[in-house]
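A.B. asks: Take this sequence and fold it.
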Amino acid sequence: MTSQGQIPRIGVIGTGHLGSLHAKMLAQIPSAVFVGVHDTDPARAEQVASMHGVRSFERREDLLAAVDAVTVATVTSTHHNVVLAALQAGKHVLVEKPITSTTEEAQQLVDLAASRGLTLQVGHIERFNPAILALEPLKVRPLFIESHRLAQFNPRGADVAVVLDLMIHDIDLILSLVGSPVDRIDANGVAVVSDTPDIANARIQFRNGCVANVTASRISQNKMRKMRLFQHDAYISIDFAQPVAEVFRIVDEGDAQVQPTMLLGKIDQGSRKRLIVYERLEIPPLNALLEEMRSFVNCVATGATPVVSGRDGLQALDVAAEILRSIESHTVRSSDRG
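C.D. replies: Numbering: from 1, shown residues only. You can find the predicted model right below:
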């Protein structure tokens, strides 16, 4: 635990690809003391530690004893045990997505963090994507959402289905944008090169009437991370990779607050004179992972609520689990017909 105003001491558990990036970002944050790292592979931990002039801890318990908080970037199947140990030791935690493998495990961690007054943040990094941050001044009330997240196959994420590996990024974003309970999910998917679905599509219907059509694949030739939002007065296109956010919307002709990049046309019908305008939003030059880490450090130091809380991570995982159940039910019915 830290006292307000005290610079938090932070360590990294897991020094693979993501963990090494966690270490790189933490080393750039002056409002935190980067203490050290731990990994089940001591040689890898030592390599990352030496790059940043910090200590490599052979035992996880020794790292936990030396810090106020940790970031966890181990494989998904170990998230529950690692985070549980950290919370039981009284440490704040940022854990990579998905929060755990099962909703039961996630609920236990959320409840434990709440009971002990500890920060539990989940690494849904797209919440910190500059293209998403650029939407904050807008009134985003989507009625239909379409997202595509495509990647080339990488064995690093193949320990879980593509729904938990890639699609969960968009699930979390969509839940935060819509802000309404899920009413129905219908999904399908196919395992092509691994034992779990490598490509999946889900149709998510919300209580407020919004519908999201979400596609994820990890067997694509080309990468894509795009989302389109349709609402009563606007169409918003987001490219997370670029990053770019474009808005096509209808505004009153005399709206002085609107400074469009381009005027696309006029609507003269009725008493209201309206314009169809195009805006390419200004994207702040930010590193999403660095912003995520800074946000976590601030939460640890001040007690602020995380942008992506453990409960947010649980809700995204719950929807992902329902998508997987829907895929499984379709798979069973298909095999019965065969």
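A.B. asks: what stretches of the stretch 101-250 of the chain score poorly on pLDDT?
C.D. replies: Along the stretch 101-250 of the chain, the parts satisfying pLDDT under 70 run over 157.
A.B. asks: Would you map the helices across it?
C.D. replies: Using DSSP state H, counting those that start in this stretch, the helices of the stretch 101-250 of the chain run over 103-116, 130-133, 162, 168-178.
A.B. asks: any chance of the ones you listed in TSV, plus mean neighbour count?
C.D. replies: Where you see a C-beta, it was placed from the backbone N, CA and C, and this is true even at glycine. What follows is the helices of the stretch 101-250 of the chain, written out as TSV (neighbours: other Cβ atoms under 10 Å):
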stretch	mean neighbour count
helix 103-116	17
helix 130-133	21
helix 162	28
helix 168-178	23
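A.B. asks: Those helices into TSV, with extra columns for distance to residue 47?
C.D. replies: Formatted as TSV, the helices of the stretch 101-250 of the chain follow (distance: least, Cβ to Cβ, whole Å):
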stretch	distance to residue 47
helix 103-116	29
helix 130-133	31
helix 162	30
helix 168-178	28
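A.B. asks: quick one: which of those is nearest residue 87?
C.D. replies: helix 103-116 (4.9 Å; Cβ to Cβ).
A.B. asks: which helices and strands does that closest one pack with?
C.D. replies: Packing partners of helix 103-116 (3 or more Cβ pairs under 8 Å, 6 or more residues apart in numbering; DSSP states H and E): helix 79-88, strand 120-123, helix 310-337.
A.B. asks: Pick out the residue nearest the middle of the chain.
C.D. replies: By Cα atoms, centre = their mean, the chain has its centre lying nearest to residue 124, at 1.8 Å.
A.B. asks: if I look at the nearest residue to that residue once chain neighbours are set aside, how far off is residue 44?
C.D. replies: Spatially, and ignoring its direct neighbours in sequence, residue 124 is nearest to residue 172 (4.2 Å; Cβ to Cβ, 6 or more residues apart in numbering). In this view, residue 172 and residue 44 are 29 Å apart by Cβ to Cβ, to the nearest Å.
A.B. asks: how many other residues sit next to residue 62?
C.D. replies: 13 (other Cβ atoms under 10 Å).
A.B. asks: oh sorry, the question was meant for residue 15
C.D. replies: For residue 15, the neighbour count with other Cβ under 10 Å is 28.
A.B. asks: do the one 10 residues further on as well
C.D. replies: Using other Cβ under 10 Å, residue 25 is surrounded by 21 other residues.
A.B. asks: Run through the residues that contact it.
C.D. replies: Listed by Cβ atoms under 8 Å, 6 or more residues apart in numbering, the contact partners of residue 25 are 287, 289-290, 292-293.
A.B. asks: neighbouring contacts of stretch 171-186?
C.D. replies: 97, 122, 124, 126-127, 132, 140, 142, 145, 147, 202-208, 210, 212, 214, 227, 229, 308, 312-313, 315-316, 319-320, 322-323, 326.
A.B. asks: try stretch 204-212
C.D. replies: Stretch 204-212 is contacted from outside by 142-147, 171, 174, 178-185, 202-203, 213-214, 319, using Cβ under 8 Å, 6+ apart.
A.B. asks: swap in stretch 50-65?
C.D. replies: With contact meaning Cβ under 8 Å, 6+ apart, stretch 50-65 is reached by 11, 13, 23-24, 26-27, 34-38, 42, 45-46, 48-49, 66, 70, 82, 85-86, 89, 91.
A.B. asks: Just those residues: which are in strands?
C.D. replies: Mapping the contacts of stretch 50-65 onto strands (DSSP state E) picks out 11, 13, 34-38, 70.
A.B. asks: can you list the domain ranges for this structure.
C.D. replies: Split into domains by automatic domain parsing, the chain comes to 9-125+289-304, 128-287+322-328.
A.B. asks: tell me how far the ends of the first one are from each other?
C.D. replies: Between the opening and closing residues of domain 9-125+289-304 lies a distance of 17 Å (Cα to Cα, to the nearest Å).
A.B. asks: go on, stretch 75-95?
C.D. replies: Terminal residues of stretch 75-95 are spaced 11 Å apart (Cα to Cα).
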